[in-house]
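Fold the following, please.
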Amino acid sequence: MVNGLLTDSTMLLLHKGLDASAERHRVTVHNVANLNTPNFKRREVSFEENLRAALQDKGKLPLAETRPGHMGGRAGISEVRHEVRTDKRTSMRADGNNVDVDREMAAMAANQLNYNALAQVMNERYSLMRYVIHEGKR
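Purely as a prediction, here's the structure:
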């Protein structure tokens, strides 16, 4: 029972969102650190697109995949992962580097807000569980 409370879909999504946000911070710091590295291509973390696709497919029945080559299987929420991708589409400078420090700093600030919001929601859920457990003893 307790395990179900701690691993419901909301808590699972909060954990995955925090993991993606932490990885996004590491990737952004790595991008800024390589600002002056010739031919360096910035990286970005995609999580929200994968989550959106899994949530859109939630109401549909998944097709069975009995072999690895089968098509049509959809990832459920528990299988949603973040991905680190290299942005090879743009080039900011003549040396091939595509890191824009202003863009990276704005992304870092937005990511920090997102991380704080996710952490606050998770903390409130744990506080509610703690309250219910302690008040249940009375």
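
centroid residue for this protein?
The residue lying closest to the centre of the chain (C-alpha atoms, centre = their mean) is A20, at 2.9 Å.

got the phi/psi numbers for R42?
When read as degrees, to the nearest 10, the backbone of R42 gives phi -60, psi 150.

Read off the pLDDT value for it.
Note for R42: predicted pLDDT of 94.

my guess is it meets E104, correct?
Yes. Assessed by C-beta atoms under 8 Å, R42 is found in contact with E104 at 7.5 Å. Using the backbone N, CA and C atoms, a C-beta is placed for each residue, glycine as well.

The two: who's more crowded?
R42 (24 against 19; other C-beta atoms under 10 Å).

Now do the contacts for that one.
R42 is in contact with N31, T86, D87, N98, V99, D100, E104, counting by C-beta atoms under 8 Å, 6 or more residues apart in numbering.

for the chain, what spans make up the helices?
2-6, 9-33, 48-56, 101-136 (DSSP state H).

The third one: which residues count as buried?
Okay, so that is helix 48-56. For helix 48-56, a neighbour-count test (16 or more other C-beta atoms under 10 Å) marks N50, L51, A54 as buried.
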